[in-house]
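1. Have a look at this prediction, sequence included:
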Amino acid sequence: MTKEFSLSTTYSQSMENEVAGSDDHQRMEGTPKSLEHSRRQGVVDRPDHDDTQNLGTFEFAVDNYDTLYSWMIAVISCIPVFNVFGSLQTWCVMQDYIVQHMAHDASNAQTQVSFVATCAFVLTDSLAPFSTKILSTFGVRPTLAFGIIVTSASMVGAGFATHIWHFYIAVSLCYGIGMSSIFIVIYTIVPQWFDKKRSTAVAMISSSTNVGGMVFPYVMYAINGHLGSLWTFRIFGIAFLVLNLIACMLVKANPQYVAQIQGKKQGLGFMEFITNANYMLWIAAAFCQGICMLVPLIFLPPYATYIGLAGDKGSSLVLIWSAMNCFGKIAAGYVADRIGNLHAGIIFNTIAGLSSLLIWMQAHDYAVLISFAVINGFFGATYFALMPTTVRSLIPPERYQAGFALNLVLVCPAFFGPTMISAINDAANVEPFLAHRILTGVAPIVSVLIMIALRIKITKSLISKV
């Protein structure tokens with residue numbers, strides 16, 4: 001029996017009902033209700049990024065895209081991503097405090113607490129099809145509100161935890177469920193508002209995670225020191241609820257986009273994705289990017305300690321890497337809008353891989369490690385910046401949501417890469433962190449080779465934009 005990851009027709013209906021009652025929609029008197037109407041109105045249709053493949057030609061009327069209002073939607077969408085994902089990215093701060101003050105008597109406390117955030121991220125991706133179904137059934141704002149309320153409640157709940165397993169319930173399970181809903185809504189809605197600047201907009205949202213990762217540690221340290229870690233969770237939960245609900249009230253679907261996909265086939269079966277060679281080649285490339293994406297972020301501090309540097313030097317390397325990654329994601333999106341998503345991915349992953357093979361492999365002092373953190377931070381870990389728009393360019397727009405959700409599920413196991421490579425390095429009994437450096441260099445290069453093959457398969461050329 002074919003399993004469906006699909007946008008049901010209720011998605012279009014719920015989107016249309018949601019935007020129909022808004023003042024902005026009523027002011028848009030010239031918004032076309034169908035592609036046929038668009039042609040009668042004289043709106044020029046054009047293929048989305050000139051990409052075609054065996055699933056059809058992707059046409060858009062472009063008079064309601066890349067506007068000032070589009071950018072307002074993108075900026076507002078950064079708020080829940082900054083709060084929810086940025087705070088969890090800095091779980092190591094809370095982890096250290098929990099281990100020292102709450103779980104110091106527990107065996108393997110460090111390992112137990114470290115898996116809390118990992119499980120939350122894995123659950124976020126693995127629940128993507130279910131979040132997609134919620135969005136298809138109830139619409140944008142109810143789904144986003146659900147995710148916001150669940151993540152805020154889980155934060156407050158974590159503020160009353162007394163045992164480690166309480167954090168698995170509150171943060172891993174509940175927070176992961178809420179994050180999945182927020183993630184699906186934001187990365188579904190924002191691309192609807194853009195055409196020529198779509199990759200830049202999505203990359204900007206992805207970079208807000210890095211901004212949160214740089215800001216929240218200082219806030220966490222301050223609250224932990226004065227009130228304790230439990231109050232940090234409670235304060236964050238209440239603050240997230242207020243700020244994110246404001247964003248929820250302002251985010252909405254693009255009415256022109258909804259009108260354009262209405263009436264088209266919006267369901268695409270699981271087997272149809274699996275048997276689509278272009279899509280599966282991209283999944284293979286994405287898996288290679290995901291498996292090494294977090295290795296520098298996690299292992300630069302212990303590697304710095306291994307070569308004899310002070311602990312604060314390791315922390316500064318993470319800050320440098322995160323800051324450069326923030327700018328690198330936006331740059332990747334900007335480049336992708338001009339030369340195509342695959343071309344941008346090929347360039348950025350090539351440089352990221354070479355930075356590890358040529359610099360990190362030879363890094364034995366702080367200056368060399370800084371140069372690696374700058375280059376790899378800027379060019380590496382651009383997966384979430386380019387993935388949504390790459391998927392969007394490979395499949396028809398009405399099937400994007402299903403393809404995006406399935407991409408998250410199939411690539412999800414790759415995020416166990418840091419744990420896997422540590423086990424391999426220990427089992428091989430080689431130089432510490434050797435396997436980590438090799439993986440960080442080789443995996444992006446393999447991804448580049450796959451993307452080159454995909455680019456040639458689609459266009460029979462290395463020049464055409466995809």
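-> All right, it came through fine.
2. Show the pLDDT at the nearest residue to Ser70 once chain neighbours are set aside.
-> Once flanking residues are discounted, Ser70 sits nearest to Trp193: 3.8 Å by CB to CB, 6 or more residues apart in numbering. The way it works is simple: take the backbone N, C-alpha and C, and place the C-beta from them, glycine included. Trp193 is assigned a pLDDT of 93 by the prediction.
3. Equivalent analysis for Phe85, please.
-> On the pLDDT scale, Phe85 gets 91.
4. State whether it and Gly212 are indeed in contact, as I suppose.
-> Yes. Applying CB atoms under 8 Å, one finds Phe85 in contact with Gly212, separated by 6.6 Å.
5. Isn't Tyr175 up against Ala117?
-> No. In this structure, Tyr175 is not within contact of Ala117 by CB under 8 Å, at 9.1 Å.
6. Which one of the two is surrounded by more residues?
-> Higher neighbour count among Tyr175 and Ala117: Tyr175, with 32 against 21, using other CB atoms under 10 Å.
7. three-state assignment of the nearest residue to that one once chain neighbours are set aside?
-> Leaving aside its chain neighbours, Tyr175 sits nearest to Ser154 (4.3 Å; criterion: CB to CB, 6+ apart). Classification of Ser154 using DSSP: H, G, I helix; E, B strand; the rest coil returns helix.
8. Correct me if wrong: Ser154 contacts Cys174.
-> Yes. The criterion here is CB under 8 Å, and Ser154 meets it with Cys174 at 3.6 Å.
9. Which one of those two is surrounded by more residues?
-> A direct count of neighbours by other CB under 10 Å for Ser154 and Cys174 places Ser154 higher, at 26 against 20.
10. In space, what's closest to Thr143 - neighbours in sequence excluded?
-> Leu135 (4.5 Å).
11. quick one: low-confidence ranges for the protein?
-> 1-63, 103-108, 110, 263-269, 461-466 (pLDDT under 70).
12. any chance you could map the strands in it?
-> For the chain, the strands defined by DSSP state E occupy 45-53, 56-61.
13. Ala405 contacts Ile184, doesn't it?
-> Yes. Counting by CB under 8 Å, Ile184 is a contact partner of Ala405 at 6.7 Å.
14. gap between the spatially closest residue to Asn254 that is not a sequence neighbour and Asn341?
-> Nearest non-adjacent residue to Asn254, counting by CB to CB, 6+ apart: Gln192, 4.0 Å away. Gln192 sits 17 Å away from Asn341, going by CB to CB, to the nearest Å.
15. again with Tyr69
-> Relative to Asn341, and taking CB to CB, Tyr69 is found at 24 Å.
16. Kindly report the same for Trp282.
-> 10 Å.
17. Need the overlap of contacts for these two.
-> Thr390 (CB atoms under 8 Å, 6 or more residues apart in numbering).
18. of these two, who's got more company?
-> Per other CB under 10 Å, whichever of Trp282 and Asn341 has more neighbours is Asn341, with 31 against 27.
19. Walking through the stretch 351-466 of the chain, point out its helices one by one.
-> Here the stretch 351-466 of the chain has its helices, by DSSP state H, counting those that start in this stretch, at 366-379, 383-394, 400-411, 417-428, 434-459.
20. hey, which of those helices is tucked in deepest?
-> For these, average neighbour numbers computed from mean count of other CB atoms under 10 Å are highest in helix 383-394, which has a mean of 26.
21. dump the residue contacts of the closest residue to Gly213 other than its chain neighbours.
-> Closest residue to Gly213 apart from its sequence neighbours, by CB to CB, 6+ apart: Gln89 at 4.2 Å. For Gln89, the contact set (CB under 8 Å, 6+ apart) comprises Thr209, Asn210, Gly212, Gly213, Phe216.
22. Dump stretch 420-440 to PDB, keeping only the CA atoms.
-> The C-alpha coordinates for stretch 420-440 follow below in PDB (Å, rounded to 0.1, in the frame of the first residue of the first chain):
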ATOM      1  CA  MET A 420      29.000   7.700  15.000                       C
ATOM      2  CA  ILE A 421      32.400   9.200  14.000                       C
ATOM      3  CA  SER A 422      33.500   9.400  17.600                       C
ATOM      4  CA  ALA A 423      32.800   5.700  18.000                       C
ATOM      5  CA  ILE A 424      34.700   4.900  14.800                       C
ATOM      6  CA  ASN A 425      37.700   7.000  15.900                       C
ATOM      7  CA  ASP A 426      37.800   5.300  19.300                       C
ATOM      8  CA  ALA A 427      37.400   1.800  17.800                       C
ATOM      9  CA  ALA A 428      40.100   2.400  15.200                       C
ATOM     10  CA  ASN A 429      42.600   3.400  17.900                       C
ATOM     11  CA  VAL A 430      44.000   6.200  15.800                       C
ATOM     12  CA  GLU A 431      45.100   9.800  16.600                       C
ATOM     13  CA  PRO A 432      42.400  11.600  18.500                       C
ATOM     14  CA  PHE A 433      39.900  13.500  16.200                       C
ATOM     15  CA  LEU A 434      41.500  12.100  13.000                       C
ATOM     16  CA  ALA A 435      38.300  10.500  11.800                       C
ATOM     17  CA  HIS A 436      36.400  13.700  12.600                       C
ATOM     18  CA  ARG A 437      38.700  15.800  10.400                       C
ATOM     19  CA  ILE A 438      38.600  13.300   7.600                       C
ATOM     20  CA  LEU A 439      34.800  13.100   7.700                       C
ATOM     21  CA  THR A 440      34.400  16.900   7.700                       C
END
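23. what's the distance between Val84 and Val251?
-> On the measure of CB to CB, Val84 and Val251 end up 14 Å apart.
24. ok now do the most centrally placed residue in the chain, which residues does it touch?
-> The chain has Phe384 as the residue nearest its centroid, 3.9 Å off, counting by CA atoms, centre = their mean. Under the criterion of CB under 8 Å, 6+ apart, the neighbours of Phe384 are Ser206, Thr209, Lys329.
25. Check Ser131 too.
-> Taking CB under 8 Å, 6+ apart as the criterion, Ser131 is in contact with Thr143, Gly147, Ser180, Ser181, Phe183, Ile184, Val185, Ala405.
26. Ile375 too?
-> Ile375 makes contacts with Met324, Ile351, Ala352, Ser355, Ile359, as judged by CB under 8 Å, 6+ apart.
27. Tell me the spacing between the nearest residue in space to the second one that is not next to it in sequence and Ala310.
-> Read that as Ile351. Leaving aside its sequence neighbours, Ile351 sits nearest to Phe379 (CB to CB, 6+ apart; 4.2 Å). Noted for Phe379: a distance of 27 Å to Ala310, by CB to CB.
28. next one: phi and psi at Asn276?
-> Phi and psi for Asn276, reported as degrees, to the nearest 10, are phi -90, psi 110.
29. Just give the number of residues close to it.
-> 19.
30. again, but for Val219
-> Counted with other CB under 10 Å, Val219 comes out at 17.
31. Could I get the contacting residues of Thr350?
-> Pro444, Ile445, Val448.
32. I'd say Val318 and Leu297 touch.
-> Yes. Taking CB under 8 Å as the definition, Val318 is a contact partner of Leu297 at 6.4 Å.
33. Now list whatever residues contact both of Ala405 and Ile184.
-> Common neighbours of Ala405 and Ile184 (CB under 8 Å, 6+ apart) are Ala128, Ser131, Thr132.
34. That concludes my questions; thank you for your assistance.
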